[in-house]
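A.B. asks: here you go, sequence then predicted model.
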Amino acid sequence: MAAAGAKFRQEMPPPGGYEKFVYERVPARTIFGGKAIIGGYLVMTAGAAYLYALNYKAVKNRELEMRCASLAIYPMLLAERDREYLKQLRRNRDEETKLMANVEGWKTGTWYGEPIFHTNKPDTLVNPRFQDYYVHASFKDFKKRGHIGLLS
């Protein structure tokens, strides 16, 4: 509270009153007119379409070249994959022969004389199971190739 001797004074508007409140629309200053904006839009769109067409042709040519190259190299990649597969089968067989050299009566490719892979055609490749293919690899490699569980 104010001091006991102070007089109450009402707050009043400034002398001459408040300024008028502007409520009419004040248009922004125009730099470009409607026709200039539409013309600029059309020019930019035409330029962008031209550049897009040039880029589209270049991208399509690169894609065609990559597709042709992959189709040309695909048979060689399949042959190399099959070649490595057969080499690994031979390494597995040689490893089995070396490991079981001290076992009497052991013949490679058999289970104590009983053939593991039996076919009616003598020169037919019998694909081993996944576990047999990775029999001499580490379990970590086996899991990695077989997508078994999560690797830590």
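C.D. replies: Noted; the coordinates are in hand. Source: prediction; values computed, not measured.
A.B. asks: sec struct for residue 14, please.
C.D. replies: coil (DSSP: H, G, I helix; E, B strand; the rest coil).
A.B. asks: how many residues are close by it?
C.D. replies: Close neighbours of residue 14, defined as other C-beta atoms under 10 Å, add up to 7. From N, CA and C alone the C-beta is placed, and that goes for glycine too.
A.B. asks: cool, the one 10 residues further on as well?
C.D. replies: The criterion is other C-beta under 10 Å. On that basis, residue 24 has 4 neighbouring residues.
A.B. asks: now do the one 10 residues further on
C.D. replies: Residue 34 has 8 neighbours, counted by other C-beta under 10 Å.
A.B. asks: check the gap between it and residue 110 for me.
C.D. replies: 91 Å (C-beta to C-beta, to the nearest Å).
A.B. asks: what do you get for residue 52?
C.D. replies: 68 Å.
A.B. asks: what segments of this protein are helices?
C.D. replies: Here the chain has its helices, by DSSP state H, at 34-99, 130-133, 139-146.
A.B. asks: for those, which one sits closest to residue 123?
C.D. replies: helix 34-99 (13.3 Å; C-beta to C-beta).
A.B. asks: show me what the closest one is packed against.
C.D. replies: Applying 3 or more C-beta pairs under 8 Å, 6 or more residues apart in numbering; DSSP states H and E, one finds that helix 34-99 makes contact with helix 130-133.
A.B. asks: who does the helix it packs on touch, helix- and strand-wise?
C.D. replies: helix 34-99.
A.B. asks: any low-confidence regions in this protein?
C.D. replies: Applying pLDDT under 70 to the chain flags the ranges 1-5, 148-152.
A.B. asks: returning to that earlier point: looking at the helices of the chain, which is nearest to residue 24?
C.D. replies: Among the helices of the chain, the nearest to residue 24 by C-beta to C-beta is helix 34-99 (22.6 Å).
A.B. asks: quick one: distance of that closest one to the chain centre.
C.D. replies: Computed by C-alpha atoms, centre = their mean, to the nearest Å, the chain-centroid distance of helix 34-99 equals 14 Å.
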